[in-house]
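Colleague: model this:
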Amino acid sequence: METILVTVSVLSTLAIVAIVLSVVVILQKLKGKVGVEVINDIIRDNDDNNTHLEMEISEVNERLHRKIEEIETIFYREIDDAKRENNNYIDNIDRKIDSRCDKLYDQIEKEVGVIHREVDKTQKVLLKD
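Modeller: The predicted model follows:
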């Protein structure tokens with residue numbers, strides 16, 4: 001009977017040890033698993049990162065828009081300068097053409113005046129004859 005008691009005691013002790021060991025093994029394995037708090041921390045970190053990235057993207061967009069506006073301003077200013085320069089060049093050409101036309105007109109007037117005088121002389125001579 002004593003052997004049965006000893007055997008039962010030993011077996012019950014071994015069963016308790018086996019249960020404790022299995023609980024320890026399960027706890028060790030679960031330590032490596034992700035818990036709800038860890039997932040919440042990861043989600044929170046991702047949200048923070050997304051917010052930070054959105055702010056950076058917004059800043060980059062603003063800088064790009066400012067740079068584009070600066071380039072457009074410079075571009076339109078250069079176009080206006082080129083137009084002004086072309087208009088000045090055309091105005092100079094127009095003035096030269098007008099000046100030469102005036103000189104030509106004056107020369108034609110002189111020649112026509114000379115021709116009129118010659119015609120008048122010729123008519124006077126013809127009328128006298």
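
Colleague: From now on I want contacts and neighbour counts done on CA atoms only, so please keep to that.
Modeller: Will do.

Colleague: residues near residue 104, how many?
Modeller: Neighbourhood size, residue 104 [other Cα atoms under 10 Å]: 12.

Colleague: That one and residue 91, how far apart?
Modeller: In this view, residue 104 and residue 91 are 19 Å apart by Cα to Cα, to the nearest Å.

Colleague: Check residue 66 too.
Modeller: Residue 66 sits 37 Å away from residue 91, taking Cα to Cα as the criterion.

Colleague: what do you get for residue 51?
Modeller: 59 Å.

Colleague: cool, and residue 99?
Modeller: Distance of residue 99 to residue 91, given as Cα to Cα: 12 Å.

Colleague: now do residue 80
Modeller: For residue 80, the distance to residue 91 - Cα to Cα - is 16 Å.

Colleague: again with residue 70
Modeller: From residue 70 to residue 91 the distance is 31 Å (Cα to Cα).

Colleague: swap in residue 56?
Modeller: For residue 56, the distance to residue 91 equals 52 Å [Cα to Cα].

Colleague: Low-confidence ranges, the chain, go.
Modeller: Applying pLDDT under 70 to the chain flags the ranges 1-3, 5, 31-36, 126-129.

Colleague: Could you list the domains of it?
Modeller: By the assignment in automatic domain parsing, the chain contains the domains 1-33, 68-129.

Colleague: what's the closest of the ones you listed to residue 46?
Modeller: In terms of Cα to Cα, the element of the domains of the chain nearest to residue 46 is domain 1-33, at 19.7 Å.
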